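> predicted model follows, preceded by the sequence.
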Amino acid sequence: MTRLLAFFLAIMVFAPFSPAQAQTDDEGIDDAGFYRFLNDVRVEAIKKGIRPETVDLAFQDAKPIRKVVRHDRSQSEFKLTFDIYRNRVISPTNIRVGKAKAREYDDLLTQIENRYGVQRRFILAIWGMETRYGAITGDIPLVPAIATLAYDKRRSAFFKEQLMATLKMLDRGYIDIDSMKGSWAGAMGQPQFIPTSYLAYAADFDGDGKRDIWRNEGDVFASIANYLAKHGWDNKTTWGRQVRLPKGFSRTDFAAIARTSGSGCRAMRANITEAKSLAQWQAMGVRNLDGSALPTGRTDLTAWLVLPDGSDSLSASNPTAFLAYGNYKAILGYNCAHLYAATVGLLADAIAE
């Protein structure tokens, strides 16, 4: 089959509706427009060196999946309170399973700690958060899911980049199309990497020539550790601690020290303060949750004050607050939400107890 013939067949496959038949639904998806979008992506992908047969195979059964758009607009990290979110994840079962996995993979985790410099409790906590320790990895076909989100206007550029990365993964033989399934947002495997994260951070721990984040626990743990290490992880410190604020600490007080600029994802500029030393926080009246003094002996350690429920929560009698260290920022690199990062830290602490 010539490339020209393949192209015209692709148009027939990807654009079965005429413009007159096109209808835009509540999610803003016009089927005919979606298939035209895939045609444009096909042309761009081939120009970037992806084989035409790879793109044709990936797109041959692709149809818009409308439920992924609904999910994208109602993510739990941005809808729930911290207490509800934390209690859904840090359950007695998840803590018990995390401890059991730590024992089961003790030797493997020791090797990974030594190679990447990331403590095992954080690897286990992220594994537990993302897929309940590999038990729930998602069964949504990723190509149509990511293509739908790329076509949607809300985060089109981001998901188009993910779609191109997905095609690269298929073209390089990292995974076959039938196995490429995951979450509605395009996250894959036991660590739930999005395609660009897979290309950048997935690790081949056992040296078998594959980066198997679907079935190989060594590659799974190494990939999580590599991700955190590449985002600045320091194994000489922990993630942070839950704290008690001084009586009368108000929204005005928080606003006076709030962080509004600087590097990092959006969570690093919302509901978080500028960094201060532990001695400075101690002088301002911040204490450990049990009322004891902060560990001010580490003069080189600075922390941000984080309010996962926002400054409005300061009107409550016991607002949830954390002092977060540099490793917290690395966790935010994995998922840019304070609810997520603080819960990872608390689950890691619970697994290590």
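That came through, no problem. Numbers count the residues shown, from 1 in each chain.
> is A165 in contact with Y198, as I believe?
Yes. At 7.3 Å, A165 counts as touching Y198 under the criterion of Cβ atoms under 8 Å. Bear in mind the C-beta positions are built from the backbone N, C-alpha and C, glycine included.
> if we go by neighbour counts, what in stretch 270-284 is buried?
For stretch 270-284, burial by neighbour count (16 or more other Cβ atoms under 10 Å) applies to 270-273, 275-278, 281.
> do stretch 310-329 as well
311, 313-314, 319-329.
> thinking again about what came up before, comparing A165 and Y198, which residue is more hemmed in?
A direct count of neighbours by other Cβ atoms under 10 Å for A165 and Y198 places Y198 higher, at 23 against 19.
> low-confidence stretches in this structure?
For the chain, residues meeting the criterion pLDDT under 70 lie at 1-28, 75-79.
> return the backbone torsion pair for I272.
Phi and psi for I272, reported as degrees, to the nearest 10, are phi -150, psi 150.
> contact partners for it?
258-259, 304-307, 324, 338 (Cβ atoms under 8 Å, 6 or more residues apart in numbering).
> could you do E130 as well?
For E130, the contact set (Cβ under 8 Å, 6+ apart) comprises 187, 190-192.
> most surrounded residue in these?
Going by other Cβ under 10 Å, P191 tops the contacts of E130 with 30 neighbours.
> thought that one was touching A222?
No. Using Cβ under 8 Å, P191 is not in contact with A222, being 9.7 Å away.
> using PDB, list the CA coordinates for stretch 295-310.
Taking C-alpha atoms only, stretch 295-310 is exported to PDB below (Å, rounded to 0.1, in the frame of the first residue of the first chain):
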ATOM      1  CA  PRO A 295      13.700  20.500  65.900                       C
ATOM      2  CA  THR A 296      15.600  23.800  65.500                       C
ATOM      3  CA  GLY A 297      19.100  22.100  65.600                       C
ATOM      4  CA  ARG A 298      19.200  21.800  61.800                       C
ATOM      5  CA  THR A 299      20.100  25.400  61.100                       C
ATOM      6  CA  ASP A 300      20.400  24.700  57.400                       C
ATOM      7  CA  LEU A 301      16.900  23.300  57.100                       C
ATOM      8  CA  THR A 302      14.200  25.700  55.900                       C
ATOM      9  CA  ALA A 303      10.500  25.000  55.500                       C
ATOM     10  CA  TRP A 304       7.400  26.400  53.900                       C
ATOM     11  CA  LEU A 305       4.100  26.600  55.800                       C
ATOM     12  CA  VAL A 306       1.400  24.900  53.800                       C
ATOM     13  CA  LEU A 307      -2.400  25.200  54.300                       C
ATOM     14  CA  PRO A 308      -3.900  22.400  52.100                       C
ATOM     15  CA  ASP A 309      -7.400  23.700  52.600                       C
ATOM     16  CA  GLY A 310      -6.400  27.300  52.000                       C
END
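> quick one: contacts of that stretch?
Under Cβ under 8 Å, 6+ apart, the answer for stretch 295-310 is 81-82, 237, 240, 243, 254, 257, 259, 271-279, 281-282, 286, 313-314, 319-325, 328, 338-339, 342.
> please repeat the previous calculation with a cut-off of 7 Å.
Contact partners of stretch 295-310, identified using Cβ atoms under 7 Å, 6 or more residues apart in numbering, comprise 81-82, 237, 240, 254, 259, 271-273, 275-279, 281-282, 313, 319-325, 338-339, 342.
> kindly report the same for stretch 323-341.
77-78, 80, 82, 85, 126, 227-228, 231-234, 237-241, 243, 264-268, 271, 281, 286, 301, 303-306, 308, 344-345.
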